[in-house]
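Participant: Show me the folded form of this:
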Amino acid sequence: MATLTARALQLAKEQAGAQTEAAILKVSNVEKLPNGKFFSCQLTDGTQTMKGRLVSQIARKLLDNSLQLHDGDIIKVSDFVINNVNNEDMALVSELEVVESSGGSNSSAGQSSKPDAVAATPAKQQMHVKQEQENTPPAVTPAFTPAAAKPAFTPGPTPSPSEQVRTNLAMTPATGVEREQQLSPLGLTPSSTTPVPVGSRARVQPVKALNPYDTQWTIKAKLVRKAPPRSFNSRAGAPSRVFNVELADAEGGQIQGTFWRESADKYLDTLQEGKVYYFSKFQVKPANKQYATVKNDYELHFDNRTEVEEAADQSGITVSHQVDVVPFDKLLRYVGRKMPVDILGVVVSCGGLGTIKRKADQTELPRRDVTLADSSGHSVVLTLWADQAQRSDLDGCEGQVMQVTCVRVGDYNGCSLSAVTRSQVTLNPEGEAADALRQWWESEGRDATLTPLGQATGGIGGASGAGPRQNKLQFLQEVVAEDNLPSPDAKPTYHDVIVNVMQIKEDQTMYYLANPDNGKKVEPRDGRYWCEADSRFVDVAGNRYVLTARVADATRECYVNMFNEQGNQLMGSTADELAALRNSDEAEFNKKVKAAKWTEWTMTLAARSREYNGERRMRYTVARMAPVDYAQAGIRLLQLIQQYGQ
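Facilitator: You can find the predicted model right below:
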């Protein structure tokens, strides 16, 4: 049986924010979190037990069952940090492998584990562990050598000789003169002679490990793209600048960052696209995916504390664009979100080159409309602009496969696509998805009847903004989002659906005591009612609905929240009447709730994301509801049948 790494959790806690050594731990109580993206667990090193959270590729492997963890499994955790979350220590694990399962069989999260991989430690790694122990204060020095220890600063490429010298010098204090003398034999100059310092960092973390629970991060990344600066006035009226960057590291992680105010002025002219830098002292925040240019749950904010150094070793980071194709029948959920998507389709028709006039300066802007289709049987119109529209290879491209990255999904004609400046248009791309699409087009797609998006269900499509749209019915499958969630500060999107109420839990609160004048919550106190929101007493209070129900249609189900007006419609009585019934006759109360189940309604859902403990999830609130008008529903279905017959 593998030996647990004693005091590994305590040592990692004392090195908070730094990349920790690999450790052998026991895992138990692995459970999926409500957001469905991460897993919680309990970890122990034999001397201490701590809550853990499995993130990144570990969570994905657990979701697709390519990795299985059981209570009592022995694991080697090679990439984790200890952070304080809600005043409680938590281990965030992003890389592990199973050394010994509770059932006696070996498996791993990455490559297969070998029994001797834990017992044997290469000499080079042993030297590294020894050096770390010598630099550790006696109070936290472990009385063991961790098995299969992993160097703490190796997500990037192998350091060049100059970087290695700088790493060694960083561990030995020296005066400015001594440091300059030490660097001169290699032909290096002190950092003060360059706009951006050149050097190396002993501890760097991969982009995939970044999270908002810590601030002591350092990453080594290539500057893939630097956007033009934008100007704005601060609250004090002073002019300020801001610009965005896209970064990529050696492990393939990509993330977007924003330089604000002083940092924008400091680094705008010195940062160069294609170069590799060390970035430190920045903030990690949830990404505003309405304006995100890369697919990452987080983004970086750089301020006046941020430090940027040019890496001496510029090799080892190869950037490949991450293409995540969205099928056409899933595009409707992105309408109005301003979140870019990648698409892959066959060119059904390619319009001629035209122009429109810009309102700002009345100049002519070239444009071209291209109709695309995919194997879902839907078609959509893509608008190309400027140089993209003027490409000569677009003439006569019907029947060819087109891949376009980073396009916006709009609500024109129900659903349409528009390229932006950073969109990349590729004709006849290679890959399995493109080959499968060509085969579909040749075998059946060319002669198939395609349904334009926006007409699939009588003009479906959600709208963003101040209120719901009329007569645009959707299925819940098109409304409920599980990935690429919008930012919590984004405006809600509204969707009309026809659903059945499947479940109303009788044991939920269902209502609260409120001030009848403004609906604010009140509490009984000294024979009156205290309103905390208004900081005053009121003499009369009444109950108002706030309840949750599970609804479903033919495609899927979801939970929705209802307030007083919708609660009155659903339950057929006021909250005061239902509260009185609950207090006087439990059987009649349950009968009343049961009667509200399996009723069919037309609902307008307001979809908006919310964030709790760093986890983002969607919240669906019933903005309005009404019983289904079966006569109108029949007319709508007849119109759909006529459309399919044309």
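
Participant: Return, as residue ranges, the portions of the stretch 151-300 of the chain with sub-threshold pLDDT.
Facilitator: Within the stretch 151-300 of the chain, the stretches with pLDDT under 70 are 151-202, 289-291.

Participant: can you give me the helices in it?
Facilitator: Assigned by DSSP state H, counting those that start in this stretch, the stretch 151-300 of the chain shows helices spanning 161-170, 176-183, 261-267.

Participant: cool, the chain as well?
Facilitator: Assigned by DSSP state H, the helices in the chain fall at 8-14, 56-63, 116-119, 123-134, 161-170, 176-183, 261-267, 386-389, 432-443, 476-479, 564-571, 575-584, 586-596, 630-645.

Participant: Now find how far off-centre the longest one is within its chain.
Facilitator: Centroid separation for helix 630-645 versus its chain: 39 Å, with Cα atoms, centre = their mean, to the nearest Å.

Participant: Packing partners of that helix?
Facilitator: Judged by 3 or more Cβ pairs under 8 Å, 6 or more residues apart in numbering; DSSP states H and E, helix 630-645 has no packing partners among the helices and strands. Yep, even glycine has a C-beta here, placed from its N, CA and C like the rest.

Participant: just the CA coordinates of that helix, formatted as PDB?
Facilitator: Only the C-alpha atoms of helix 630-645 are listed here, as PDB (Å, rounded to 0.1, in the frame of the first residue of the first chain):
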ATOM      1  CA  TYR A 630     -55.300  26.200 -27.600                       C
ATOM      2  CA  ALA A 631     -57.100  27.900 -30.500                       C
ATOM      3  CA  GLN A 632     -54.100  30.200 -31.200                       C
ATOM      4  CA  ALA A 633     -51.700  27.300 -30.600                       C
ATOM      5  CA  GLY A 634     -53.600  25.200 -33.200                       C
ATOM      6  CA  ILE A 635     -53.400  28.100 -35.700                       C
ATOM      7  CA  ARG A 636     -49.700  28.400 -35.100                       C
ATOM      8  CA  LEU A 637     -49.200  24.600 -35.700                       C
ATOM      9  CA  LEU A 638     -51.200  24.700 -38.900                       C
ATOM     10  CA  GLN A 639     -49.000  27.500 -40.200                       C
ATOM     11  CA  LEU A 640     -45.900  25.500 -39.400                       C
ATOM     12  CA  ILE A 641     -47.300  22.500 -41.200                       C
ATOM     13  CA  GLN A 642     -47.900  24.700 -44.300                       C
ATOM     14  CA  GLN A 643     -44.300  26.000 -44.200                       C
ATOM     15  CA  TYR A 644     -42.900  22.500 -44.100                       C
ATOM     16  CA  GLY A 645     -45.100  21.500 -47.100                       C
END
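
Participant: what mean pLDDT does it have?
Facilitator: Regarding helix 630-645, the rounded mean pLDDT is 78.

Participant: Count the neighbours of the residue lying closest to Pro34 once chain neighbours are set aside for me.
Facilitator: Nearest residue to Pro34, sequence neighbours excluded (Cβ to Cβ, 6 or more residues apart in numbering): Arg617, at 6.9 Å. Counted with other Cβ atoms under 10 Å, the neighbours of Arg617 add up to 17.

Participant: In the beta-sheet assignment, what are the partners of Arg617?
Facilitator: Beta-bridge pairing for Arg617 (DSSP bridges): Arg610.

Participant: I'd guessed it sits against Leu485; true?
Facilitator: Yes: the criterion here is Cβ atoms under 8 Å, and Arg617 meets it with Leu485 at 7.3 Å.

Participant: Give me the common contacts of the two.
Facilitator: Common contacts of Arg617 and Leu485, defined by Cβ atoms under 8 Å, 6 or more residues apart in numbering, comprise Ser609.

Participant: Show the contacting residues for the residue of the chain most remote from its centre.
Facilitator: What lies farthest from the middle of the chain is Gly527; by Cα atoms, centre = their mean that is 49.2 Å. For Gly527, the contact set (Cβ under 8 Å, 6+ apart) is empty.

Participant: same deal with the one 4 residues further on?
Facilitator: For Cys531, the contact set (Cβ under 8 Å, 6+ apart) comprises 515, 520-522, 537-538.

Participant: for Leu450, same thing?
Facilitator: Counting by Cβ under 8 Å, 6+ apart, Leu450 touches 348, 373, 377-379.

Participant: same thing but at 6 Å, please
Facilitator: Taking Cβ atoms under 6 Å, 6 or more residues apart in numbering as the contact definition, Leu450 lies against 373, 379.

Participant: which of the residues in stretch 354-371 are buried?
Facilitator: Using 16 or more other Cβ atoms under 10 Å as the test for burial, stretch 354-371 gives 367-371.

Participant: What is the end-to-end distance of it?
Facilitator: Its first and final residues considered, stretch 354-371 spans 15 Å by Cα to Cα, to the nearest Å.

Participant: burial count for Ser487?
Facilitator: For Ser487, using other Cβ under 10 Å, the count is 20.

Participant: measure the nearest residue to it once chain neighbours are set aside to Val224 for me?
Facilitator: Leaving aside its sequence neighbours, Ser487 sits nearest to Asn288 (Cβ to Cβ, 6+ apart; 4.0 Å). Asn288 sits 19 Å away from Val224, going by Cβ to Cβ, to the nearest Å.

Participant: try Thr293
Facilitator: 10 Å.

Participant: Overlap of the contact sets of the two?
Facilitator: Shared contacts of Thr293 and Val224, defined by Cβ under 6 Å, 6+ apart, comprise Glu246.

Participant: where does stretch 352-366 sit relative to the chain's centre, distance-wise?
Facilitator: On the basis of Cα atoms, centre = their mean, stretch 352-366 sits 36 Å off its chain's mean C-alpha point.
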